[in-house]
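> the following comprises the amino acid sequence and a computationally predicted model.
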Amino acid sequence: MSVNPIADTALAAINGTDTNAEDVRQIPAIAMSGSEQSVESSYQDNSLLRLIVESGCEVAGLIDECVELHNRRSIDLLSIIESAEFEAISGHDFFVVQDFYRHAMPRLSDVPVERMMRCTDALVRKGGGDLMANRPNEAIVEWLRADKTRASVVVTEAREGDAVALGHLTFALQAIGDLKIMRELLADENTRVRLAALTAISRTPHSDDGERGKTVRVVSSLVGAADEDTHRAHIVAALLLPFVQAKATPTNEALSAARRATETCGAATVHIAGQVLLAAGGWCPVNLAEVLLDALRHVEASSKGTIDLIDVGLCALLKGDCSEAAVKYVDDVVQRDEDPLPIVDFNSFVRDWVKRRKDLVDRTVALWLASGKRLLCQSVDALVSEGNLQGSPFDIDVGKLGLTPTQQYFMCGKAIGYLFMKPVSAASILVSTLRTADAGLAEAIKDLLFDPLLVSYSGTTLEYLEALPKTDPAHAHVADVLARTREYLDGLNAAAVMRELHPSEYQRQLERIRDANLNREIRKSAEKHSILRDIVHKSVLLHGSGSVTFVESASGERRPVHMKLHAYSATGEWPRMETVDPVGLDVVLRTLRAGQLKA
C-alpha cells in the first residue's frame, strides 16, 4: 500500500493510531454455542466468515476464541482475508469483518511480516473511500509494536526497495518510535523512504524542546530541495505537528521554515495546513495561525474537503486570541479576484462567529456594505441568512468605523439594496447610523428609512422601530419617520377595497397553482439534500391523523410505534410595494445595489 500524501499523512498524526476497544460498532449479538469446537468446525466447513458477520465484532468472546485457536495453529484467521468469499462480501458485512480483524490482528503470533502487510492492504483496499477504510493500519501498528523485530524487518526491506514494505514503512517507524532513526532516513536516496520518515515524525510525540529542535533543524534543510507539492506537505506536517501535539509554542526557526515551504502552495500543502489548524484548535498561538492562514489563502473553491477543515478550524480560532485573524481570513477569501469563496462555505464559522463575537460581526457587516464591492455585499446577505440574523438588529458603532458622511449614506443605501428582504436587519443599520449622523445626513437616511423600507413593511420592522427607547440617540429621528409612516398607512387604508384592482377568481387560482408548484419543488429539493434521505423509510399518508410502524425488538417480537401528526407553519412578510409597484421597487433596489462612490 502506498503512502497517501494528503489524507494519510497528517490525519493519523492528529487523531493518533490507538483506538479504544469501546469504539467498536454496537451490533446486536446472536446466541453462540460457546464451544471451541463450533469455531473450529466453522473454519473447517468454510462458514467462519459468515459466523463473524452474523455475530458482529461486539462479541468479544468470539475474537478471543479465534485468536487463541489461530495462535495454537488450529485455524488460520488470515486465510479468510485471502479467500474468494472475503472478496465477495460488501457493505455493512465487510465493515463488521474489518472491525473484527482490527481487534484480532494485533494479538496474532507466528505470522510472517510480509503476509500481515498484504492482509492489511487487502482490508484497506476493500474499504475504498470510506472514512473507516484506514482502521486496519492501526492494527498493524499495534502488531509491529508488540514485537519490534517485526518493524525492523519492514524498515530493512523498505530500504532495499520492497514495494509492500515501502507502503508500511511509516507504520514500522511509528512502532519503533525512535526519532533518531526517522531523522536519519530523511537523507535516504529513495523519495518514498523520506516521505514515510517525514510522516512518522509528524505522528510521533517529541519528549522535549531539544527533540523538537533537532527535528526542525533536519527537516528545515529539506525545504529548498522540495520541488513537489506532496513533499512540501509532508515537511509542513513534520515541522509543526510535533509542537501542536505537545501544545508547545513553535520556534521562530520552525515557523520560518514552514512559511518558506508554503510560499508555493498546492492542494496537498493547503490540506495539511488545514489539518494542522484543526489540530491546534483554540490553543493555536497567533504567530502559528498567521502562517497557516497565509497558506490556506491559496485554497481552491473546488477543494470542498479542505474548506470543511478550514471551516471547523476557524471556529476553534474564535475561542482563543485569533478571532480577528480568522475574520480577516474570511474577509480576504470571499473577495479575492480569482476563485472567490462564498460565505456559505463557512457556515459553521458564521454561526459560531455570531454566537461568540457579535461585535465583530456587526463591524464587518458595516465595512463590507461600505466597501460597495458586489461580492462583499452579497456575502452580507448570505451571512445574515447563515447566522440566522433575519430578525436580530445590528448594533453598530458607526462613529468608530472612520467613514465620512457620504460613505455612511452609501452604506445605508447598500443595506437597503442587499438586505431589503431582511427589513429588520436593514433598518437596524440605518438606525445605527442615525445615532451619530449630522442634520443633513439624518434627513437623507430618514428618507431611505421611509421609502422604500417602511412604505413596503409595516410588521416586524415597525415593531422594532417603535420599541426603541426614548434614551436612544436615534429615537427623535425614528419618531419623525414613524409619524410619516402612520400618515401614509392611514391614507392607504382610507381607499378601502377597490374592486377594479381586485384580482379575479381565475387570477387567484393561477397564483395558488403557481405557489403550490413552487412549494413542491422546494420540498423535493430539501428532501434531495437531506442527510436523512438514505437512512429513513419514506411513507406517504393519504388520510388520517397519525401513523403506526412495527419494529422488531432484540427478542424478535414486533411492537407498534405510534406517531401522531402535528401541524407546522412558517410565516414571512412580503413587501407591500412588490404588489403595488413592482417595477418601480425593482428599479429603486437595482439602483441602490449598483451605485458606486466617485473615486
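Nice, thanks for sending it over. Residues are numbered from 1 along each chain as shown.
> which residues are in contact with stretch 275-289?
Applying CB atoms under 8 Å, 6 or more residues apart in numbering, the external contacts of stretch 275-289 come out as 10-11, 13-14, 236-237, 240-241, 243-245, 247, 249-250, 255, 292-293, 296, 309-310, 312-314, 316-317, 319-322, 325-326. For every residue, glycine as well, the C-beta is placed using N, CA and C.
> do the same with stretch 179-192
Against stretch 179-192 from outside (CB under 8 Å, 6+ apart): 2-3, 155, 158-159, 161, 166, 169, 173, 193-194, 196-198, 200-201, 204, 206, 211, 214-215, 218-219, 222, 231.
> what of stretch 567-580?
420-421, 423, 452, 455-461, 584-585.
> kindly report the same for stretch 136-147.
Residues outside stretch 136-147 that contact it (CB under 8 Å, 6+ apart): 8, 12, 17-19, 98, 101-103, 105-106, 108, 116-117, 120, 123-124, 127, 150-151, 154, 168, 171-172, 174-175, 177.
> rounded mean pLDDT for the helix or strand containing Ile272, please.
Taking DSSP states H and E as the criterion, Ile272 maps to helix 267-280. Averaging pLDDT along helix 267-280 yields 96.
> what's the answer for stretch 174-191, then?
On average, stretch 174-191 scores 96.
> again with stretch 107-122
Rounded mean pLDDT across stretch 107-122 is 96.
> buried sites along that stretch?
By 16 or more other CB atoms under 10 Å, the buried positions in stretch 107-122 come out as Arg107, Leu108, Val111, Val113, Met116, Met117, Arg118, Cys119, Thr120, Asp121, Ala122.
> wait, is the third one part of a strand?
I take that to be Val111. No: counting by DSSP: H, G, I helix; E, B strand; the rest coil, Val111 is not found in a strand; it is coil.
> ok, now which ones touch it?
Val111 neighbours (CB under 8 Å, 6+ apart): Leu78.
> same check on the second one?
Residues in contact with Leu108, defined by CB under 8 Å, 6+ apart, are Val67, His70, Asn71, Leu77, Leu78, Met116, Trp143.
> the same query, at a cut-off of 7 Å, please.
Shown in contact with Leu108 (CB atoms under 7 Å, 6 or more residues apart in numbering): Val67, His70, Asn71, Leu77.
> distance of the last one from Ile140?
Put plainly, it is Leu77. Separation of Leu77 from Ile140 (CB to CB, to the nearest Å): 14 Å.
> just want to know which of those two has more residues nearby.
Ile140 (30 against 22; other CB atoms under 10 Å).
> so which bits of the helix or strand containing the more buried one are buried?
For Ile140, the host element (DSSP H and E) is helix 135-146. Across helix 135-146, burial judged by 16+ other CB under 10 Å covers Arg135, Pro136, Asn137, Glu138, Ala139, Ile140, Val141, Glu142, Trp143, Leu144, Arg145.
> would CSV of those with pLDDT be doable?
Below are these laid out as CSV (pLDDT from 0 to 100):
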residue, pLDDT
Arg135, 93
Pro136, 95
Asn137, 96
Glu138, 95
Ala139, 96
Ile140, 97
Val141, 97
Glu142, 97
Trp143, 97
Leu144, 97
Arg145, 96
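> circling back to that earlier point, looking at the contacts of Leu108, spot the one nearest Leu48.
Using CB to CB, Leu77 comes nearest to Leu48 of the contacts of Leu108, at 8.4 Å.
> in the stretch 1-150 of the chain, where is pLDDT below threshold?
The model of the stretch 1-150 of the chain has pLDDT under 70 over residues 1-37, 56-59.
> try it again at 80.
1-37, 56-60 (pLDDT under 80).
> which two among the contacts of Leu108 are spaced furthest apart?
Asn71 and Leu77 (9.5 Å).
> with Leu108 as the reference, measure out to the closest residue to Leu309 other than its chain neighbours.
Using CB to CB, 6 or more residues apart in numbering and skipping the chain neighbours, the partner closest in space to Leu309 is Gly274 (3.6 Å). From Gly274 across to Leu108, the span is 37 Å (CB to CB).
> same check on Ser525?
Where Leu108 is concerned, Ser525 sits at a distance of 51 Å (CB to CB).
> same question, Ala172
For Ala172 relative to Leu108 (CB to CB), the value is 17 Å.
> now do Glu82
From Glu82 over to Leu108 (counting by CB to CB), the distance is 14 Å.
> next one: Ser428
If you go by CB to CB, the gap between Ser428 and Leu108 works out to 66 Å.
> same check on Leu542?
58 Å.
> returning to what we had before: let's see the ChimeraX selection covering just the buried ones among the contacts of Leu108.
The following ChimeraX line selects those of these that are buried, judged by 16+ other CB under 10 Å:
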select :67,70,77
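> which of the contacts of Leu108 fall within strands?
Applying DSSP state E to the contacts of Leu108, no entry is found in strands.
> mind listing which of the contacts of Leu108 are in helices?
Val67, His70, Asn71 (DSSP state H).
> the last one and Ser109 touch, don't they?
Yes: taking contacts as CB atoms under 7 Å, Asn71 lies within contact range of Ser109: 5.0 Å.
> circling back: can you select the buried ones among the contacts of stretch 179-192 for me in PyMOL?
Per 16+ other CB under 10 Å, the buried members of the contacts of stretch 179-192 correspond to this PyMOL selection:
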select buried, resi 3+155+158+159+166+169+173+193+194+196+197+198+200+201+204+206+211+215+218+219+222+231
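> could you work out the most separated pair of the buried residues of stretch 107-122?
Farthest pair in the buried residues of stretch 107-122, by CB to CB: Arg107 and Asp121, 19.6 Å.
> now the longest helix anywhere in the chain, how far from the centre of its chain.
Longest helix of the chain, by residue count under DSSP H: helix 505-528. Its chain's C-alpha centre and that of helix 505-528 lie 33 Å apart, by CA atoms, centre = their mean, to the nearest Å.
> check stretch 199-212 too.
On CA atoms, centre = their mean, the centre of stretch 199-212 falls 28 Å from the chain's centre.
> which other residues reach the longest helix of the chain?
By CB under 7 Å, 6+ apart, helix 505-528 touches Arg533.
> with stretch 352-361 instead?
Cys315, Leu318, Ser323, Val327, Gly387, Leu389.
> ok, back up a step: can I have the buried ones of the contacts of stretch 136-147 as a ChimeraX selection?
If you want just the buried ones from the contacts of stretch 136-147 in ChimeraX, going by 16+ other CB under 10 Å, the selection is:
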select :8,12,17,98,101,102,103,105,106,108,116,117,120,123,124,127,150,151,154,168,171,172,174,175
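> filter the contacts of stretch 136-147 down to the ones in helices?
Reading helices off the contacts of stretch 136-147 with DSSP H, I get 8, 12, 98, 101-103, 116-117, 120, 123-124, 127, 150-151, 154, 171-172, 174-175.
> narrow the contacts of stretch 567-580 to those in helices?
Per DSSP H, the contacts of stretch 567-580 map to helices at Pro423, Val455, Ser456, Thr460, Thr461, Gly584, Leu585.
> kindly reformat those as a markdown table containing pLDDT and distance to Asp472.
Below are the ones in helices among the contacts of stretch 567-580 laid out as a markdown table (pLDDT from 0 to 100; distance: CB to CB, whole Å):
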| residue | pLDDT | distance to Asp472 |
| --- | --- | --- |
| Pro423 | 95 | 19 |
| Val455 | 95 | 23 |
| Ser456 | 95 | 23 |
| Thr460 | 92 | 18 |
| Thr461 | 94 | 16 |
| Gly584 | 94 | 32 |
| Leu585 | 95 | 29 |
